[in-house]
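>>> Only the shape, not the letters, is given here:
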């Protein structure tokens, strides 16, 4: 066990710049700007499906953040090591192959390095599986699930979390999973106690183990230094008691007229008004299955029609008008039944055309009339005369998860049904006032009343107040800018879509990401994942005029307890106080271990006091610290650079 407290107040380390930034808190003088440096740092990813955000942690103990990114079903989870100079370095092997859902880093065995657990799917309930536990052995991640005690409680995995539930110093495990299928017995969600020696035992946790939820954020909403849970959706709040039983305090803490428990996609806790407690941002939107039900985008100016419908047994249709030939493209289905093919059948003769993934032109003559029977899986397209066209689709059985199509050259549409208003779900901001939450969503810009799939937070301009970055679903087949909500000293937000932290011109959707200072230059960067055959992209914060900052990098306590859930409080000469926890800057399915905490300090040239409290109660206080540097507090971890 290490016994020497490392408190480094030396000048800057790594890539950090010691230059004092221009002291300015005015939003009008400088926009927050990012540059896409994905290629520059060597981050490569396949166009694929995502499953919530990344897991950020210092896996190899060199003081620079690394990140685990997942690709859901087709591609494995990949670990990338950060570097003080030069490109990222990929871990030599795939961490987990196929059906990757949430992941969580943490030192569960107390040996000074960061281990990993990954939640995996369960074949829609047909093949329930436990999460996979990977022990970090000198930079090699070894699958030690079998024999660990978690291997016999399988499920349709969704979210995993490391939490010191019983406050004994080691990390216990929470696994939140999908709804059980008919006939499935036993607990839905599982809680495991860390009993030492790399072993876990199942513990009953009535309420939490049967609650309806697939996602979770670990926080401390009552400021008692015991980790609490925000489960969603629907939203429910669970107070940690220091034992394996949680107290459901949802009704006690939420407003009496609260009407936002549904459609929650991501949650972030941030003390946006610097009053010492954790406020909650709820990103809300409709997910795949909720969106895939008679959804339409029609742009009359461009003549483009995008549509999406559910893939269950169905027969639906739409009439539209086009004076000339039309272009079919992006006809696609999210596979469910093996071998399913959905061709297009033209006109009354049902001339078969292969599924038009790439663009093809169809003239009026090619599609004359409409068939009497639509009795096969596929699309049916006919020209009815007088510029009128008819498109129908037939699915026999629950054959797909959804079906999609794009048609260009359209002048007017007449759906058989009222199109779904899939992009009209408002985000919610809950202010923590004396331990209870007040809905102050009126402070949010109108642009947040959309369909949003993710939220993270960080002080992007170093003015001392946490900003939010919101990931938008966008249009059915067209990416839209995500939202940067710039905090106005806790009194509201300015919204920006010109930050450049998104990839324009794609068919992907904003999903989830993480805000953290990758290169230790005092400016918060972004790692963003685009879903729906999108990629992972990294954005460097290039904002030129920002306030001062401090980076507090936490090691282990005197009793060698790891930094997860440790709290850092920074006070500046003007009396401003900021409180942040080691954990995630927003969560969907994955958890992060953000142990280098970033504090924007505005124009302050010193921090009069820094207080660190680990979850074992150990505290350290530093005073009169110069700004614009990294401060190391606590015992260093092992360096296991591969």
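Alright, I've got the coordinates. Model, not experiment: these values are computed from the prediction.
>>> When you work out contacts or count neighbours from here on, use the C-alpha atoms and nothing else.
Fine.
>>> which residues does residue 142 bridge with?
Beta-bridge partners of residue 142, counted by DSSP bridges, are residue 135.
>>> burial of the residue nearest to residue 171 when sequence neighbours are not counted, as a residue count?
Nearest non-adjacent residue to residue 171, counting by CA to CA, 6 or more residues apart in numbering: residue 164, 4.6 Å away. Residue 164 has 25 neighbours, counted by other CA atoms under 10 Å.
>>> ok, residue 164 touching residue 174?
No. At 10.0 Å, residue 164 does not count as touching residue 174 under the criterion of CA atoms under 8 Å.
>>> which residues are in contact with both of those two?
Between them, residue 164 and residue 174 share no contacting residue under CA atoms under 8 Å, 6 or more residues apart in numbering.
>>> can you tell me which residues contact residue 534?
Residue 534 makes contacts with 46-49, 506-509, as judged by CA under 8 Å, 6+ apart.
>>> ok, 6 Å please
47-48, 508 (CA atoms under 6 Å, 6 or more residues apart in numbering).
>>> What backbone torsions are found at it?
Torsion angles at residue 534 (phi, psi; degrees, to the nearest 10) stand at phi -100, psi -170.
>>> Quick check: which ranges of the stretch 51-200 of the chain have low pLDDT?
122-127, 182-183 (pLDDT under 70).
>>> can you give me the helices for it?
Here the stretch 51-200 of the chain has no helices by DSSP state H, counting those that start in this stretch.
>>> same deal with the stretch 501-642 of the chain?
Using DSSP H, counting those that start in this stretch, helices in the stretch 501-642 of the chain do not occur.
>>> Any stretches of the protein with poor pLDDT?
Residues of the chain that meet the criterion pLDDT under 70 lie in 1-29, 122-127, 182-183, 639-642.
>>> Look up how far residue 297 lies from the closest residue to residue 323 other than its chain neighbours.
Leaving aside its sequence neighbours, residue 323 sits nearest to residue 387 (CA to CA, 6+ apart; 5.0 Å). Distance of residue 387 to residue 297, given as CA to CA, to the nearest Å: 20 Å.
>>> about what we covered before: give the full set of residues in contact with the residue nearest to residue 171.
170-172.
>>> swap in residue 494?
Counting by CA under 6 Å, 6+ apart, residue 494 has contacts 485-486.
>>> State the helix or strand in which it lies.
Secondary structure from DSSP states H and E places residue 494 in strand 493-496.
>>> Would you mark the buried spots in that strand?
493, 495-496 (16 or more other CA atoms under 10 Å).
>>> and if you look at stretch 576-588?
So stretch 576-588, judged by 16+ other CA under 10 Å, has buried residues 576-588.
>>> cool, and stretch 224-238?
225-238.
>>> In strands, which of these appear?
Counting by DSSP state E, those place 228-232, 236-238 in strands.
>>> Farthest-apart pair in those residues, please.
Largest separation among these by CA to CA: 228 and 232, giving 13.3 Å.
>>> Can you give the distance of the strand holding residue 494 from its chain's centre?
Distance of strand 493-496 from the chain centroid (CA atoms, centre = their mean, to the nearest Å) equals 21 Å.
>>> Who does that strand pair with, and is each partner parallel or antiparallel?
strand 483-487 (antiparallel).
>>> what helix or strand is residue 267 on?
Residue 267 belongs to strand 264-270, assigned by DSSP H and E.
>>> Could you name the helices and strands sitting against that strand?
Packing contacts for strand 264-270, counted by 3 or more CA pairs under 6 Å, 6 or more residues apart in numbering; DSSP states H and E, involve strand 279-284.
>>> hang on, the earlier thing: need the contacts of residue 534 in CSV with distance to residue 318 and neighbour count, can you?
What follows is the contacts of residue 534, written out as CSV (distance: CA to CA, whole Å; neighbours: other CA atoms under 10 Å):
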residue, distance to residue 318, neighbour count
47, 31, 17
48, 30, 20
508, 25, 26
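>>> from those residues, which is closest to residue 562?
residue 48 (34.3 Å).
>>> That closest one reaches residue 533, doesn't it?
Yes. Contact status for residue 48 versus residue 533: in contact at 3.8 Å, counting by CA atoms under 6 Å.
>>> what sits up against the strand holding residue 267?
Taking CA under 6 Å, 6+ apart as the rule, strand 264-270 contacts 233, 278-284, 453-454, 586-588.
>>> tell me the two of these that are most distant?
The widest separation within these (CA to CA) is 21.1 Å, between 278 and 453.
>>> So what's the residue count around residue 292?
Residue 292, neighbours per other CA under 10 Å, totals 22.
>>> Might one say that it is in contact with residue 307?
No. Look at residue 292 against residue 307 with CA under 6 Å: they stay out of range, at 8.9 Å.
>>> what's the nearest residue to residue 350 if we skip its chain neighbours?
residue 371 (6.5 Å).
>>> Quick check on the one you found: phi, psi?
phi -70, psi 150.
>>> Strands of the stretch 301-450 of the chain, start to end?
304-310, 314-321, 326-335, 344-346, 351-353, 360-362, 378-385, 388-395, 400-408, 412-415, 425-426, 428-433, 436-439, 449-450 (DSSP state E, counting those that start in this stretch).
>>> element containing residue 465?
Counting by DSSP H and E, residue 465 is found in no helix or strand.
>>> Now do the same contact list for it.
Counted by CA under 6 Å, 6+ apart, residue 465 has contacts residue 459.
>>> if we go to 7 Å?
Neighbour list for residue 465: 272, 459, 487, 489 [criterion: CA atoms under 7 Å, 6 or more residues apart in numbering].
>>> For burial, what's the neighbour tally of the last one?
In this case it means residue 489. 16.
>>> Quick check: phi and psi at it.
Dihedral angles for residue 489 - degrees, to the nearest 10 - are phi 50, psi 40.
>>> With the second one instead?
Its backbone dihedrals place residue 459 at phi -90, psi 90, with angles given as degrees, to the nearest 10.
>>> Hmm, it is touching residue 469, no?
No. Checked against CA atoms under 7 Å, the pair residue 459 and residue 469 is beyond contact range at 10.3 Å.
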